[in-house]
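K.L.:
what's the 3D shape of this:
(one chain, ligands or ions: 1)
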Amino acid sequence: MRICKSFIGGEWVAPPATGTSPVFNPALGEIIAEVPLAGAELVDHAAQAASAAFPAWRDTPAVDRAGILFRYKALIEAEFESIALTISTEHGKTPGEARGDLRRGIQMVEYACGAPSLLMGESLENIARGIDCDAIRQPLGVCAGIVPFNFPAMVPLWMFPLSLACGNTFILKPSEKVPLTATRLAELLDAAGLPKGVFNVVHGGRACVDALLVHPAVRAISFVGSTSVARHVFDTGTRHGKRVQAAGGAKNFILIMPDATVAESVRGLAEAAFGCAGERCMSGSTAIAIGRARDLVIPDLVSAAKHIRVGAAFRDASAEMGPVITRQHRDRVESLIDAGEREGARVAADGRSVRVEGAPNGFYVGPTILDGVAPDATVMREEIFGPVLSVLHMDDLDSAIETANRSAYGNGAAIFTSSGRAAREFRHRINAGMVGVNVAVPAPMAFFPFSGWNESFFGDLHVQGREGIAFYTQQKITTSRWFAAGEGDVWVK
Ligand code: NAD
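P.N.:
From the prediction side, this is the model:
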């Protein structure tokens, strides 16, 4: 059985004796590795290594730091297909989804390669006569990243390339459910020539996270995961004096206007609800069909859902949707479908009974549509994080926006319409940070912030783009004046 190792100070470290957790191939329900669960001692070891590496890395010119990231990108590209297969095997994504996960991550590496330009400061000559002022950006020190299971490559790559490009050292705590992709990404960063201790990986669960949150050497924490843990990370981290960005869960609404293009709306809804088996923080988990959009779109959507081929995607190229991450998660998703049905929704497409040939123990739920969900139903409050679309029916845009705005979350929202006025009204009033107009999954690319609102984000500066640069740096403002020889001598007695 493969045992994952942590990576500290440039060495692969044998697991501590604090227990292990199984890593599954969810398509088969089989254990493929064990991941050690580190405690405070290993975290301290990593923090010391990252602290020791910081002074030299901070003083390495940005152009040389970027040079290592250029090499890193080339190494990932060379291994692209094998990393995508690792993602598919430990997570369950289809090969296309796994490639998309990695491609989005590589785009973050490319963005970070622009560090010399991105880090440039500002200056103003003569803020007063003969006095100049300038602002430069300097790194913080040791930063840490704590990531979820659902994008094994992209979410870690949201964090460490940019943080390293800014001159920080880094400790990554991968998801214990998908540690193999993170391990491969660390091996390649090492191969790219990163100095020892600049990047470290510590595997673990809650105890490991809690040790990072209070460690005095850690200056900043990037977190992505569920809302309850995001709140805990934000509260504990900030209480211990750290800068924290913590992205949480989501419940994203897609509004379908009666004038929407039917085929594109159906395609968009199916992709948003069932892509990556619904395990995306930007998945469109709730649709509101306005007026006659219900009759135009829902029958085709139900038919599309029933035709999606569920399978063991890591070995079956014809599979269009893979499993969910664990048996427990599958049971939770199914129990939420039960709750939706109990509370009056019609199960128009039912994924509870799906079976995959040759994979009887895989963690599968098929595409499911709960039609006619009430605005106060359980499935409207809970993030399901599976291939389940709740459909509500409303008479007008106003009531749909008001319903969506009652959600505690605020990650993404989208509208399908051919009316510029409706789209403008939606964009103006919707209470979410990432908006799509005829785009069902409006996830921003590397150079824009991934800007969740409300309970989908705790902090001020989001990952990606210039907000990412701001998060991983602190500004230093210098005000300077220079004297000519002898100037001011009149004051000297
Ligand atoms: P999770 O919150 O269970 O785990 C995230 C990380 O926190 C993992 O590394 C885990 O080891 C750690 N963790 C778990 N419980 C903890 C605890 N009690 N104390 C300290 N640390 C703990 O999330 P997950 O199930 O891995 O991922 C799915 C969630 O992530 C969903 O809610 C999804 O919406 C969210 N997500 C959000 C975004 C975003 O940008 N907003 C992106 C991707 C995923």
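
K.L.:
now residue 66: how far from residue 103?
P.N.:
20 Å (C-beta to C-beta, to the nearest Å). For glycine as for every other residue, the C-beta is placed from the backbone atoms N, C-alpha and C.

K.L.:
which of the two has more residues huddled nearby?
P.N.:
residue 66 (21 against 14; other C-beta atoms under 10 Å).

K.L.:
ramachandran angles for the more buried one?
P.N.:
With angles defined as degrees, to the nearest 10, residue 66 sits at phi -60, psi -30.

K.L.:
separation between it and residue 143?
P.N.:
From residue 66 across to residue 143, the span is 17 Å (C-beta to C-beta).

K.L.:
can you check residue 163 too?
P.N.:
For residue 163 relative to residue 143 (C-beta to C-beta), the value is 5 Å.

K.L.:
repeat that for residue 109.
P.N.:
16 Å.

K.L.:
quick one on the thing from earlier: identify the contacts common to residue 163 and residue 143.
P.N.:
When C-beta atoms under 8 Å, 6 or more residues apart in numbering defines a contact, the residues bordering residue 163 and residue 143 alike are 170, 220, 222, 472.

K.L.:
mind picking the one among those residues that's closest to the ligand?
P.N.:
residue 222 (10.7 Å; C-beta to the nearest ligand atom).

K.L.:
what sits up against the helix or strand harbouring the closest one?
P.N.:
Residue 222 is part of strand 218-224, with elements assigned from DSSP states H and E. Contact partners of strand 218-224, identified using C-beta under 8 Å, 6+ apart, comprise 47, 140-148, 155, 158-159, 163, 168, 171, 212-213, 229-230, 233-234, 237, 242-247, 281, 463, 471-472.

K.L.:
can you narrow those down to the ones near the ligand?
P.N.:
Restricting the contacts of strand 218-224 to those adjacent to the ligand (criterion: C-beta under 6 Å from any ligand atom) gives 146-148, 155, 229, 247, 281.

K.L.:
which ones among those residues lie within helices?
P.N.:
155, 229 (DSSP state H).

K.L.:
list the contacts of whichever residue of the stretch 251-400 of the chain sits closest to the ligand.
P.N.:
Using C-beta to the nearest ligand atom, the closest approach of the stretch 251-400 of the chain to the ligand is made by residue 281 at 3.2 Å. Taking C-beta under 8 Å, 6+ apart, we find residue 281 in contact with 150, 224, 247, 249-250, 411-412, 452, 456.

K.L.:
by neighbours, which of those wins?
P.N.:
That'd be residue 412 among the contacts of residue 281, by other C-beta under 10 Å, with 33 neighbours.

K.L.:
any idea what that one is bridged to?
P.N.:
Residue 412 has the following beta-bridge partners by DSSP bridges: residue 434.

K.L.:
CA atoms only for stretch 359-366, dumped as PDB, please.
P.N.:
Output in PDB follows, covering the C-alpha atoms of stretch 359-366 (Å, rounded to 0.1, in the frame of the first residue of the first chain):
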ATOM      1  CA  ALA A 359     -17.900  -1.100 -10.200                       C
ATOM      2  CA  PRO A 360     -20.500  -2.300  -7.700                       C
ATOM      3  CA  ASN A 361     -18.800  -0.600  -4.700                       C
ATOM      4  CA  GLY A 362     -18.200   2.800  -6.400                       C
ATOM      5  CA  PHE A 363     -19.700   5.900  -4.700                       C
ATOM      6  CA  TYR A 364     -22.200   6.800  -7.400                       C
ATOM      7  CA  VAL A 365     -25.200   9.100  -7.500                       C
ATOM      8  CA  GLY A 366     -26.800   9.800 -10.900                       C
END
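
K.L.:
can you tell me if it touches the ligand.
P.N.:
No. Applying C-beta under 6 Å from any ligand atom, one finds stretch 359-366 out of contact with the ligand, separated by at least 13.6 Å.

K.L.:
give me the buried positions along that stretch.
P.N.:
Going by neighbour count (16 or more other C-beta atoms under 10 Å), the buried part of stretch 359-366 is 359, 362-366.

K.L.:
can I get those in TSV including pLDDT, secondary structure and distance to residue 124?
P.N.:
Formatted as TSV, the buried residues of stretch 359-366 follow (pLDDT from 0 to 100; DSSP: H, G, I helix; E, B strand; the rest coil; distance: C-beta to C-beta, whole Å):
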residue	pLDDT	secondary structure	distance to residue 124
359	97	coil	64
362	98	coil	61
363	98	coil	58
364	98	coil	61
365	98	coil	58
366	98	coil	61
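
K.L.:
export those residues to CSV and tack on distance to residue 178?
P.N.:
Output for those, formatted as CSV (distance: C-beta to C-beta, whole Å):
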residue, distance to residue 178
359, 19
362, 16
363, 14
364, 18
365, 18
366, 22
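
K.L.:
out of the contacts of strand 218-224, which are inside strands?
P.N.:
142-146, 171, 243-247 (DSSP state E).

K.L.:
hang on, isn't residue 33 packed against residue 20?
P.N.:
No. Assessed by C-beta atoms under 8 Å, residue 33 is found out of contact with residue 20, at 9.3 Å.

K.L.:
okay, and the common contacts of the two?
P.N.:
residue 3.

K.L.:
alongside the ligand, which residues does the stretch 101-250 of the chain contribute?
P.N.:
146-150, 155, 173, 175-176, 205-206, 209-210, 224-226, 229, 232, 247-250.

K.L.:
filter those down to the buried ones.
P.N.:
Judged by 16+ other C-beta under 10 Å, buried ones among those: 146-150, 155, 173, 175-176, 205, 209-210, 224-226, 229, 232, 247-250.

K.L.:
thinking again about what came up before, quick one, the strand holding residue 222 and strand 142-146 angle?
P.N.:
20 degrees (axes from the mean of the first three to the mean of the last three C-alpha atoms, to 10 degrees).

K.L.:
and the angle from strand 218-224 to strand 243-247?
P.N.:
10 degrees.

K.L.:
ok, for the residue in the stretch 51-200 of the chain that the ligand sits nearest to, nearest residue in space, not its chain neighbours?
P.N.:
Per C-beta to the nearest ligand atom, residue 148 is where the stretch 51-200 of the chain lies closest to the ligand, at 3.0 Å. Ranked by C-beta to C-beta, 6 or more residues apart in numbering and with sequence neighbours excluded, the top spatial neighbour of residue 148 is residue 225, at 4.4 Å.
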